[in-house]
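A.B. asks: Provide a 3D model corresponding to the input given below.
(chains A and B)
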There are 2 protein chains.
Amino acid sequence: MEKFDIVIKGRFLISFKHGIIENGIVGIKGPRIEKIFKDGELEYESSQTLGGEDYIVLPGLVNTHTHAAMIAFRGLADDLPLFEWLQKYIWPAEGKFVKADFIKKAVPVAAAEMISTGTTTMADMYFFQDDAAEVLANIGLRSVIAEGIINFPTPTASNWKKQLDYTENFIKNWIGHEVIKPSIGPHAPYTTTPEILERAREIGEKYNIPIQIHVAETKNEVDEIVKKYGKTPVRYLDSVGFLSDLVVSAHSVWLDDEEIDIYVEKHVGIASCPQSNAKLASGIAPHKKFIEKGAKLGLGTDGDASNNSLDMFQEMKFTALICKVFSKDPTSCPAVEVLRAATLTGARVLGYYDLGDLREGYLADVITVKINEPHSTPVYNPVSHLVYAAKGTDVNDVVINGKVIYSDKEFKTIDIENAKYEFTDIVKKINDKYNR
Amino acid sequence: MEKFDIVIKGRFLISFKHGIIENGIVGIKGPRIEKIFKDGELEYESSQTLGGEDYIVLPGLVNTHTHAAMIAFRGLADDLPLFEWLQKYIWPAEGKFVKADFIKKAVPVAAAEMISTGTTTMADMYFFQDDAAEVLANIGLRSVIAEGIINFPTPTASNWKKQLDYTENFIKNWIGHEVIKPSIGPHAPYTTTPEILERAREIGEKYNIPIQIHVAETKNEVDEIVKKYGKTPVRYLDSVGFLSDLVVSAHSVWLDDEEIDIYVEKHVGIASCPQSNAKLASGIAPHKKFIEKGAKLGLGTDGDASNNSLDMFQEMKFTALICKVFSKDPTSCPAVEVLRAATLTGARVLGYYDLGDLREGYLADVITVKINEPHSTPVYNPVSHLVYAAKGTDVNDVVINGKVIYSDKEFKTIDIENAKYEFTDIVKKINDKYNR
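C.D. replies: Next up, the predicted model:
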């Protein structure tokens, strides 16, 4: 008789290793998946049972790029170009409002938004990240966290050297934590210097942690970097020895074929955010080529200020659709490849090699998706269903690191009414000052 | 003391006539909106009260193009080009399965999907539409319904003359009904003849009803029509005298500037389906130009087989985002214009001139959207919120023609468990035969 802490049952169980298993069961012990089996195949006992006949069970979604606390700026200034949006609204608002207290009040609501739409791992770059990490550790959302480092003052520290000091201290505080993975975040080629990039690379390698950076988000950025360094952003980063499998390259919209090849060769992770890139009219990333060339492609929502959701189901459908119409090939970005980017490959992008699939020995980050609503019937193919028809709000249960975080749509580690109430305080101040 | 049948309260009330009203109330008498006012402005009594502090109240969404019964083919064959999808999967499956009984079992679930995501009016083109109309009349979903007419046999009738006879009979059965508007549906330029178009136009004008047609969906179609008639689809339709304000031109992807001008001049309605067009890689419609030139632009989901959702909130966000990135202009398709297309202008596209806004005297098609979930906080601007952050599943109440159809997420006119059960029967047969 096998004994599990949790079993999760599904009409369909999605595994990249084992394929689609009808009436499948995931057996969890401690923080890891112990067994994947078909109902009836094994005698077992379990302390807790989730899922059932009306659910698809799949690996939790991996959001490879966001700025969680920017939930406070959702909808503050839409329908604007990137630089006007940043310079007129976001940067001034950040300068005025972003403090440790802001982070503590905003991040829980963003975490709730992500968890309730099936995200079990997220990569965050923002400020006062020691405070964010504390909040996220308590909630139990797996998070790869980087303090933003730029060549001008941030809300956290007045210059890049102090920002790096903060980062190294932050890394020491959190390295080895069960769900928090500290990381380093040189913001972008256009907001840093070769010296900052070199220091960031050294620290990343020293601690063997992800290095998060925004790359080639807009055509303007490409032009600016070419003007300054005589090379496109990817070639510039390559020339200064920055690129490696530790790098998480957010956006990566404006890459030519050779640059994609460089990313493939150096095993650079891509955190593509197609909804944000579309909303700001930054451009459309070459997803078809990323997949065909075997690039390490993950998906991200970017922050709520530029999306305006943290819903990876939306991001999957948008990616599949924009990929097809942009490449003029309806067979490109098929559902299974998009789901893989949002789970298994996304986990690889963030440096996890035992996460993102339902397979034995992997970390137990698992979600259930309801399939008995009018909008979720019929289900001929559960993978197609997840990418094209399922909604973030169909998520019913979320397990992270073997712990039930969300069950029957109830938060188990967040006092959501209190979190919303505390958040109101920040929202009111922003609304009074900035709302048009 | 004013007396209403229903009042609906919102923290924000969205009206194109009156603007955004904070703490606004819609007062409904019979099938129409009697009054729009601010809380405290008026003494009133009401038999029923919906909404409240946690809701946005807005006109119901208008889905200007779908094929409701195709819900049975959702996810049957994804990641394929339009013609392979039609010829290998959809047409054979339709030939085998689509009968009156199929329509009666599929349409209620599709109606439930639409209602539960805020659609209060939809335009449907399919087969056995007398049966669809009966189902939809009982449910109370406002529907503009056309029997598909093509130059080959359909499941309903063996040739276009019989299909037209069916249509005229259908029109006589339903004209003047409170929520069903009969319509005529010559399928597309490439599946009809000038004679069919001429007869369809005559019948449309005789009864003063919408004429639904697919136009310029793919580049292939344009090439085919140019080869056959020496003109692009819009110019061909114009040359045979087909175009008028009765025409609902679905898709309308491949239009040049002059063709848009023709549509504007002739007051042709556009039913743009950007998600379907992207999924099948058909192309991207010029939404920015449609809006700038003042074209009568509505949005549609197309059928569940090519979307794979009937969720107009998804369609709004997708439209706004793809418009911006395709036009390289983040200020294009601002939220308010996209919401207008999905409500007021969409109603105009379908020939309603007293529908699609919260204003006195208009038909009482009203929805409430919850704004107290983690994904729906904060709300600085409710119009931006509806387009960029709200989800179809945030819809809490739906009133159509002054009747409560959906309340606190419960269907009032559909026995949903029974509808899903009856539908299972069809799904099982299709699954056994066609699932890859």
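A.B. asks: Spell out which residues of the stretch 201-350 of chain A are next to chain B.
C.D. replies: Taking Cβ under 8 Å from any Cβ of the partner chain as the contact definition, the stretch 201-350 of chain A meets chain B at A:275, A:277-284, A:304, A:307-311, A:314, A:317-318, A:320-322, A:324-325, A:327-332, A:334-335. From N, CA and C alone the C-beta is placed, and that goes for glycine too.
A.B. asks: and the stretch 1-150 of chain A, which residues reach chain B?
C.D. replies: A:71-72, A:74-76, A:78-82, A:85, A:109-110, A:112-113, A:116-117.
A.B. asks: Of those residues, which belong to helices?
C.D. replies: A:82, A:109-110, A:112-113, A:116 (DSSP state H).
A.B. asks: JSON lines please, covering those and showing pLDDT.
C.D. replies: Shown next, in JSON lines, are those (pLDDT from 0 to 100):
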{"residue": "A:82", "pLDDT": "77"}
{"residue": "A:109", "pLDDT": "98"}
{"residue": "A:110", "pLDDT": "98"}
{"residue": "A:112", "pLDDT": "98"}
{"residue": "A:113", "pLDDT": "98"}
{"residue": "A:116", "pLDDT": "98"}
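A.B. asks: Can you check my assumption that residue A:42 lies in a strand?
C.D. replies: No. Using DSSP: H, G, I helix; E, B strand; the rest coil, the assignment for residue A:42 is coil, not a strand.
A.B. asks: Just give me the neighbour total for the spatially closest residue to it that is not a sequence neighbour.
C.D. replies: Distances taken as Cβ to Cβ, 6 or more residues apart in numbering or on different chains put residue A:2 closest to residue A:42, at 5.8 Å, once the chain neighbours are dropped. Other residues near residue A:2 come to 14 when the count uses other Cβ atoms under 10 Å in any protein chain shown.
A.B. asks: Just the pLDDT for residue A:2.
C.D. replies: As predicted, residue A:2 sits at a pLDDT of 95.
A.B. asks: Same check on residue A:160?
C.D. replies: 97.
A.B. asks: With residue A:436 instead?
C.D. replies: 51.
A.B. asks: from the residues of the stretch 201-350 of chain A next to chain B, which ones fall inside helices?
C.D. replies: A:275, A:277-279, A:314, A:317-318, A:320-322, A:324-325, A:327, A:335.
A.B. asks: now, the most widely separated pair of these?
C.D. replies: Largest separation among these by Cβ to Cβ: A:279 and A:335, giving 23.3 Å.
A.B. asks: about what we covered before: and which of the ones in helices among the residues of the stretch 1-150 of chain A next to chain B is nearest residue A:221?
C.D. replies: Of all these, residue A:221 sits closest to residue A:82, with 9.1 Å by Cβ to Cβ.
A.B. asks: Can you report how many residues neighbour that closest one?
C.D. replies: Neighbour number of residue A:82 under other Cβ under 10 Å is 20.
A.B. asks: Excluding chain neighbours, give the residue nearest to it in space.
C.D. replies: residue A:280 (4.5 Å).
A.B. asks: Just list the residues touching the one you found, thanks.
C.D. replies: Residues near residue A:280 by Cβ atoms under 8 Å, 6 or more residues apart in numbering or on different chains: A:80-82, A:85, A:218, A:306, B:324, B:330.
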